[in-house]
Structures are given as C-alpha cells and as structure tokens.
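**Student:** need the 3D shape of this:
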Amino acid sequence: MSQLSRKEWFLLLFLTVCWGLSWPIMKFGIRYFPPITFRTLGLLAALPVLFIFARSQHASLAIPKGHLLSLIKLSIPNVLVWNTMIILGIGMLSSGRAAILGYTMPIWAVLAGFILYKDKLSPMAWLGVICAGSGAILLLSGEFSNIAGKPLGTILVLIGACSWGYGTVEMRKTVLAMPSISVTFWMIAISAIPLTIYTVIFEHSKWHQVDAWGWITIAYNGLMVFGMANIIWIQMARKLPPVVSSLSVMMIPVVGVFSGTLLLAETPRWQDYAALVLILASMSTVLLKPSLNHKEEAEDIPRKDPQ
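**Tutor:** Now for the predicted structure:
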C-alpha cells in the first residue's frame with residue numbers, strides 16, 4: 001500500500017468519495033425527476049464522456065461479430081436491473097440504508113458462482129454469506145417493525161444487489177474480445193434504450209421544469225459517477241494492489257451512510273450501524289483474499305460502476 005504514488009492515492013480517494021456521495025445525491029435527485037427519468041438521463045449523459053475517452057485511447061467501439069448477444073445478456077443484470085431496482089428502492093429508504101444493502105453484492109456473486117458454476121466456497125466465504133444475510137434481515141426487520149417503514153424498498157435494493165452479483169459472475173465467465181471501456185460503453189448504451197422507452201411512455205406526464213440543483217444531480221451522476229469515475233476505475237483496477245482495491249470498494253457504503261447524514265440530515269438507527277458492520281465483515285471475507293495472485297484479484301473486482 002505504501003508503494004502507491006500520491007496521484008494514485010488521490011484517484012483512489014476520489015473514486016471512494018465520488019461513488020459514496022452518489023447515494024444521497026440519487027436520493028436528492030429524485031425529488032426533481034421521476035426515478036426512471038433520473039437514472040436514464042444519468043446514463044445518457046455518461047455516453048459522450050465514455051465515447052470521447054475511448055476515442056482518445058484509440059479503443060475500438062466496434063462490436064465484434066457474435067458479441068452483441070453477450071453484451072445484451074451482460075447489460076441486463078449489470079446495468080439495467082441493478083440501476084432500475086436501486087433508483088426505485090432508494091425512494092423508499094434512506095440513502096445510507098440503500099448503500100448498505102446495495103453492497104451486499106459480493107456475497108450474491110459468491111452464491112451465484114456456487115449455485116450456477118459449482119464454485120467452491122471456503123469456510124470464510126460461508127461466514128460472509130451468514131454476515132450479509134444477517135445484515136439484510138436486520139434492516140428488513142427494522143422496516144417491518146417501523147410503522148412508516150417500507151420493506152418493499154429493502155426488497156428492491158436486495159434484488160438489485162443480487163442482479164449485480166449474478167452479472168459480476170457472468171462478466172468473469174464471458175469472454176469478450178473488446179477493451180473494458182468499450183464493454184462499459186455498450187452496456188450503458190444498451191440499457192439506456194429500454195429505460196428511455198419506459199420513461200417516455202410512463203413518466204412523461206410527470207416531467208416538469210427543473211431548477212439548477214436538479215440538473216446538477218444529473219451532471220454528477222452522468223459525468224462523474226458513470227463517466228469519469230468509471231474511466232478512472234478501469235484504468236486503475238489492474239494496477240492497484242488487490243487489498244487497496246478491495247478496501248476502496250468496502251469504504252463506499254461507509255461514505256454513503258455518513259454523507260447521507262450530513263447532506264440529507266438522515267438519522268441512522270442502531271440497525272443501520274449494526275448492519276453496516278455485518279456487511280463490511282461479509283465483504284472482507286470475499287474481497288480480501290490473500291491466497292490469490294494480484295492479477296486474479298484485480299479481475300475479481302467489478303469493472304463497472306458500483307452504483
């Protein structure tokens with residue numbers, strides 16, 4: 001970890017804060033836009049950023065013959081379902097609670113590999129599954145016990161996390177003869193198509209004039225979260241020591257919880273803090289794997305936006 005340059009430390013801090021802040025900013029943004037409209041505009045805003053970067057790196061955006069179907073299959077769980085469930089669920093939950101639930105993803109990825117591909121699970125992985133499940137149940141029980149609670153929001157975010165986990169496994173198992181930036185570009189572009197159709201048909205009646213703050217939330221999510229942060233992550237994921245990469249991912253829900261407290265005056269309950277500890281413990285059993293070599297661990301970290 002001490003071998004990281006000052007620039008790499010800065011970029012790592014930027015990624016963690018950028019993705020962590022995206023949770024309360026999402027919650028704030030849907031005050032101005034219908035939820036699917038908000039997410040669609042963010043995805044569309046990211047495409048020019050990713051396109052310009054790909055061209056500057058001379059990375060081909062052409063889809064090789066026979067790869068389109070694979071891209072569609074990867075886009076559905078990794079981008080379409082994940083983003084749809086998260087943006088619908090966060091409207092019913094605090095942003096911090098949504099972040100905690102969303103980052104149960106590594107455990108669902110482990111379970112998907114175990115169920116679908118018979119991947120072996122170590123005792124530590126099983127411990128991680130138990131911790132993640134306990135954290136999710138704790139938050140879900142808190143919603144049921146609260147008269148004003150909305151357990152549906154918890155369920156939607158968990159569906160999104162499961163979808164992302166499954167999609168992460170499929171990303172590892174699918175061979176694509178394309179640069180990472182091109183895969184990211186096309187997964188976002190493909191997912192934006194059905195979301196655009198949906199919001200035009202079902203949400204256009206809710207569109208209204210939006211002030212500058214609303215457009216700032218779109219710019220942040222599109223240009224920063226889906227755009228610049230994705231680019232930086234793709235560039236750094238294979239260079240960072242695996243423990244550093246993993247710790248960065250693990251800090252995102254922590255930033256999400258405390259930034260929600262500061263920006264939206266959310267008040268986490270004891271269940272939130274207990275669940276956060278359980279989820280972090282769970283993630284550590286999956287992400288911090290000293291027995292793997294550097295390259296393998298780098299590949300285990302999701303290459304897409306973890307928002």
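
**Student:** where does pLDDT dip in the stretch 51-200 of the chain?
**Tutor:** 142-150 (pLDDT under 70).

**Student:** again, only this time at 50
**Tutor:** Within the stretch 51-200 of the chain, the ranges that satisfy pLDDT under 50 run 147-148.

**Student:** where do the helices sit along it?
**Tutor:** Taking DSSP state H, counting those that start in this stretch as the criterion, the stretch 51-200 of the chain carries its helices at 68-75, 82-90, 95-102, 105-117, 123-145, 151-173, 180-198.

**Student:** what are the buried residues along the second one?
**Tutor:** Under the neighbour-count criterion of 16 or more other CB atoms under 10 Å, helix 82-90 has 82-90 buried. Using the backbone N, CA and C atoms, a C-beta is placed for each residue, glycine as well.

**Student:** okay if I get the residues you listed as JSON lines plus distance to residue 158?
**Tutor:** Shown next, in JSON lines, are the buried residues of helix 82-90 (distance: CB to CB, whole Å):
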{"residue": "82", "distance to residue 158": "12"}
{"residue": "83", "distance to residue 158": "15"}
{"residue": "84", "distance to residue 158": "14"}
{"residue": "85", "distance to residue 158": "8"}
{"residue": "86", "distance to residue 158": "10"}
{"residue": "87", "distance to residue 158": "14"}
{"residue": "88", "distance to residue 158": "12"}
{"residue": "89", "distance to residue 158": "8"}
{"residue": "90", "distance to residue 158": "13"}
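
**Student:** nearest to residue 35, of those?
**Tutor:** Within these, proximity to residue 35 (CB to CB) peaks at residue 87, which comes in at 4.6 Å.

**Student:** and the closest one, what does it touch?
**Tutor:** Residue 87 is in contact with 26, 30, 35-36, 38-39, counting by CB atoms under 8 Å, 6 or more residues apart in numbering.

**Student:** ok, and the most crowded of these?
**Tutor:** Counting neighbours by other CB atoms under 10 Å, the top entry in those is residue 39, with 30 neighbours.

**Student:** ok, that one to residue 187 distance?
**Tutor:** 14 Å (CB to CB, to the nearest Å).

**Student:** got it, and residue 274?
**Tutor:** Taken as CB to CB, the span from residue 274 to residue 187 is 35 Å.

**Student:** and stretch 58-78, how far out from the chain's middle?
**Tutor:** Computed by CA atoms, centre = their mean, to the nearest Å, the chain-centroid distance of stretch 58-78 equals 19 Å.

**Student:** and residue 159, how many neighbours?
**Tutor:** Residue 159 has 18 nearby residues by other CB under 10 Å.

**Student:** got any ranges where the stretch 201-307 of the chain has weak pLDDT?
**Tutor:** Applying pLDDT under 50 to the stretch 201-307 of the chain flags residues 291-304.

**Student:** what ranges does it have for its helices?
**Tutor:** Going by DSSP H, counting those that start in this stretch, the stretch 201-307 of the chain shows helices at 212-219, 229-236, 242-264, 270-287, 294-300.

**Student:** residues contacting stretch 190-197, please?
**Tutor:** Identification of contacts with stretch 190-197 by CB under 8 Å, 6+ apart yields 36, 39-40, 43-44, 47, 71-72, 75-76, 79-80, 83-84.

**Student:** now with 6 Å, please.
**Tutor:** Identification of contacts with stretch 190-197 by CB atoms under 6 Å, 6 or more residues apart in numbering yields 36, 40, 43-44, 72, 75, 79-80.

**Student:** any idea which of these is closest to residue 52?
**Tutor:** Looking across these and measuring by CB to CB, the closest to residue 52 is residue 44, at 14.5 Å.

**Student:** nearest residue to that closest one other than its sequence neighbours?
**Tutor:** Once flanking residues are discounted, residue 44 sits nearest to residue 192: 5.5 Å by CB to CB, 6 or more residues apart in numbering.

**Student:** and that neighbour, how far is that from residue 205?
**Tutor:** 21 Å.

**Student:** helices or strands up against the host helix or strand of residue 16?
**Tutor:** Using DSSP states H and E, residue 16 maps to helix 6-29. When contacts are defined as 3 or more CB pairs under 6 Å, 6 or more residues apart in numbering; DSSP states H and E, helix 6-29 packs onto helix 95-102, helix 212-219, helix 229-236, helix 242-264.

**Student:** the first one to helix 123-145, inter-axis angle?
**Tutor:** Read it as helix 95-102. 140 degrees (axes from the mean of the first three to the mean of the last three CA atoms, to 10 degrees).
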